[in-house]
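Asker: What would the 3D arrangement of this be:
(one chain, ligands or ions: 1)
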Amino acid sequence: MARVALVTGGTRGIGAAISKALKEAGYNVAANYAGNDEAAAKFTEETGIATYKWSVADYDACAEGIARVEADLGPVDVLVNNAGITRDAPFHKMTREQWAQVMDTNLSGIFNMTHPLWNGMRERKFGRVINISSINGQKGQFGQVNYSAAKAGDIGFTKALAQEGARAGITVNAIAPGYIGTEMVMAVPEKVREAIISTIPVGRLGEPEEIARAVVFLASDEAGFVTGSTMTVNGGQYLA
Ligand code: CAA
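Answerer: Reported below is the predicted structural model:
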């Protein structure tokens with residue numbers, strides 16, 4: 001039977017590419033999203049992948065949403081914690097709200113999603129948890145104290161939980177994408193974006209599919225010896 005994969009933020013940007021690549025690789029995919037109904041409807045129309053709406057920042061909503069996915073598709077084998085937001089501002093202008101929103105979604109979100117699924121994965125002796133961190137969690141980024149802290153936290157979460165999952169057949173890995181050509185990066189002021197691209201040795205932004213291929217590898221049965229790692233996919237911009 002096909003394995004079941006759940007992708008958060010799975011209808012747009014990197015997440016949409018991940019959902020599609022997992023479907024192509026034979027998984028039964030559920031794509032979660034938080035707000036954009038129109039994008040989700042279009043995504044389902046184009047791909048045939050079912051979408052489920054809840055916020056990863058809300059623990060109870062995650063538990064309920066996961067229960068709906070599992071009722072429809074069966075137990076989740078592969079969880080891709082991809083949902084993430086930016087609220088960029090230099091620290092002296094950053095509000096508590098901007099800090100809290102990013103921490104709630106980008107860091108607590110991976111706890112909220114993984115925790116309700118963990119016992120099931122332990123009982124079934126198989127699981128794949130893949131956390132989408134960021135180059136900016138590795139190197140820090142001007143204007144992103146909140147985002148860099150959350151994304152660095154995702155890597156710490158990955159390393160600790162990998163040790164707990166290992167004996168139960170569950171791998172926990174992170175991917176640290178560099179600057180990928182999505183709406184999130186296109187929202188960066190053009191001048192700043194051009195300056196960033198000039199620091200990427202490969203000389204271009206990444207493609208969402210280049211992250212999706214890394215996810216498909218880490219999700220596979222064959223990747224069982226890879227756990228606790230952070231896979232860097234950034235065109236050589238930062239060598240962690
Ligand atoms: N290093 C040093 N100084 C910098 C700087 C940098 N990287 N970026 C901006 N500054 C300086 C500016 O030159 C300016 O200096 P002066 O006052 O002396 O002119 C000062 O900081 C303030 O700049 P602004 O007036 O532009 O401040 P702002 O409040 O309007 O915005 C900002 C600042 C929000 C940080 C804006 O520069 C920005 O959006 N930067 C991009 C941040 C970024 O890379 N975000 C990544 C988003 S994509 C993503 O997150 C995906 C992923 O995982 C990779």
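
Asker: Which positions in this structure make contact with the ligand?
Answerer: Proximity of the chain to the ligand (Cβ under 6 Å from any ligand atom) is limited to residues 86, 88-90, 93, 134-136, 141-144, 147, 179, 184-185, 188-189, 192. Just so you know, the C-beta spots here come from the backbone N, C-alpha and C atoms, and that holds for glycine as well.

Asker: Of those, which count as buried by neighbour count?
Answerer: The neighbour-count test (16 or more other Cβ atoms under 10 Å) marks 86, 88, 134-136, 141, 143-144, 147, 179, 185, 188 as buried among the residues of the chain next to the ligand.

Asker: what's the closest of the residues you listed to the ligand?
Answerer: residue 143 (2.2 Å; Cβ to the nearest ligand atom).

Asker: isn't there a helix covering that closest one?
Answerer: No - counting by DSSP: H, G, I helix; E, B strand; the rest coil, residue 143 is located in no helix; its state is coil.

Asker: Quick check: it touching residue 88?
Answerer: Yes - using Cβ atoms under 8 Å, residue 143 is in contact with residue 88, at 4.5 Å.

Asker: What's the local residue count around the residue nearest to residue 202 when sequence neighbours are not counted?
Answerer: Leaving out its chain neighbours, the residue that sits closest to residue 202 by Cβ to Cβ, 6 or more residues apart in numbering is residue 235, at 3.4 Å. Residue 235: 21 surrounding residues under other Cβ atoms under 10 Å.

Asker: Now residue 235: phi and psi?
Answerer: phi 70, psi 20 (degrees, to the nearest 10).

Asker: So it versus the ligand, what's the distance?
Answerer: 11 Å (Cβ to the nearest ligand atom, to the nearest Å).

Asker: how much space between that residue and residue 199?
Answerer: From residue 235 over to residue 199 the distance is 10 Å, taken as Cβ to Cβ, to the nearest Å.

Asker: Same question for residue 75.
Answerer: Separation of residue 75 from residue 199 (Cβ to Cβ) stands at 43 Å.

Asker: of those two, who's got more company?
Answerer: residue 75 (16 against 12).

Asker: Residue 238: what secondary structure?
Answerer: Looking at residue 238 with three-state DSSP, the answer is coil.

Asker: for this structure, where's the lowest mean pLDDT among helices and strands?
Answerer: helix 183-186 (a mean of 90; mean pLDDT, DSSP states H and E).

Asker: For whatever helix or strand comes next after it, enumerate the helices and strands it packs against.
Answerer: Next along the chain after helix 183-186, taking DSSP states H and E as the criterion, comes helix 190-197. Under the contact definition 3 or more Cβ pairs under 8 Å, 6 or more residues apart in numbering; DSSP states H and E, helix 190-197 sits against no other helix or strand.

Asker: So which residues make contact with helix 190-197?
Answerer: By Cβ atoms under 8 Å, 6 or more residues apart in numbering, the residues outside helix 190-197 that reach it are 179, 185-186, 188, 203-205.

Asker: how close does residue 220 sit to residue 77?
Answerer: Residue 220 is 11 Å from residue 77, by Cβ to Cβ.
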